[in-house]
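Chemist: dropping a prediction and its sequence here:
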Amino acid sequence: MEADSTEREKSLLVFHQSYVTNSGISLSSGEEPFEVVAALSGTVEDIVIDDFTGNRVTIKHADGLKTTYGSVTGILVEKGDAVLQGDVIATTTANEWNPQAGNHLHFEVSKDGVAVNPGEFLAF
């Protein structure tokens, strides 16, 4: 929100001639895939399989929090599964939606349906 207009414009993604706000962050470790772990304990609320935007897993946590892990493959959990903080849930991959990011994790956090800074939930 504090970024200048040029940086804010870079956070918009275009899909079918519509702009979509990027409400998360992309994490990468070069081109090598890496394991995706649950940031917090919770219950798998949704799994979306989408080759274009990338598969994603959403986990519901206490206090109205939800975390979403996008651009993943090899999903190891199912809807309704209980997961513990640090459990491996998938592996990163690339997708057609954001090809310039290469192999990456798209990580989002929301509280009561409103996007919050995902950086507050990372251990690094």
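Modeler: Okay, I see it.

Chemist: quick one: the strands in the chain?
Modeler: Secondary structure of the chain (DSSP state E): strands at 12-15, 18-21, 25-27, 35-37, 42-48, 55-60, 65-73, 82-83, 88-92, 105-111, 114-116.

Chemist: just those: most buried one?
Modeler: Across the strands of the chain, the average number of neighbours (mean count of other CB atoms under 10 Å) peaks for strand 65-73, which reaches a mean of 22. To be clear about C-beta, it is placed using only N, CA and C from the backbone, and glycine gets the same treatment.

Chemist: tilt between it and strand 88-92?
Modeler: Strand 65-73 runs at 50 degrees relative to strand 88-92, counting by axes from the mean of the first three to the mean of the last three CA atoms, to 10 degrees.

Chemist: low-confidence stretches in this protein?
Modeler: Residue ranges of the chain with pLDDT under 70: 1-3, 7-22, 124.

Chemist: separation between the closest residue to Asp46 other than its chain neighbours and Lys66?
Modeler: Leaving aside its chain neighbours, Asp46 sits nearest to Thr58 (4.4 Å; criterion: CB to CB, 6 or more residues apart in numbering). From Thr58 across to Lys66, the span is 6 Å (CB to CB, to the nearest Å).

Chemist: joint contacts of those two?
Modeler: Applying CB atoms under 8 Å, 6 or more residues apart in numbering, one finds that Thr58 and Lys66 are jointly contacted by Glu45.

Chemist: one step back: wait, which of the strands of the chain is closest to Thr6?
Modeler: For those, the distance to Thr6 is smallest for strand 12-15, at 11.5 Å, taking CB to CB.

Chemist: list the residues that contact His104.
Modeler: His104 makes contact with Ser26, Leu27, Ser28, Ser71, Thr92, Ala94, Asn98, according to CB under 8 Å, 6+ apart.

Chemist: repeat that for 7 Å
Modeler: Ser26, Leu27, Ser28, Ser71, Thr92 (CB atoms under 7 Å, 6 or more residues apart in numbering).
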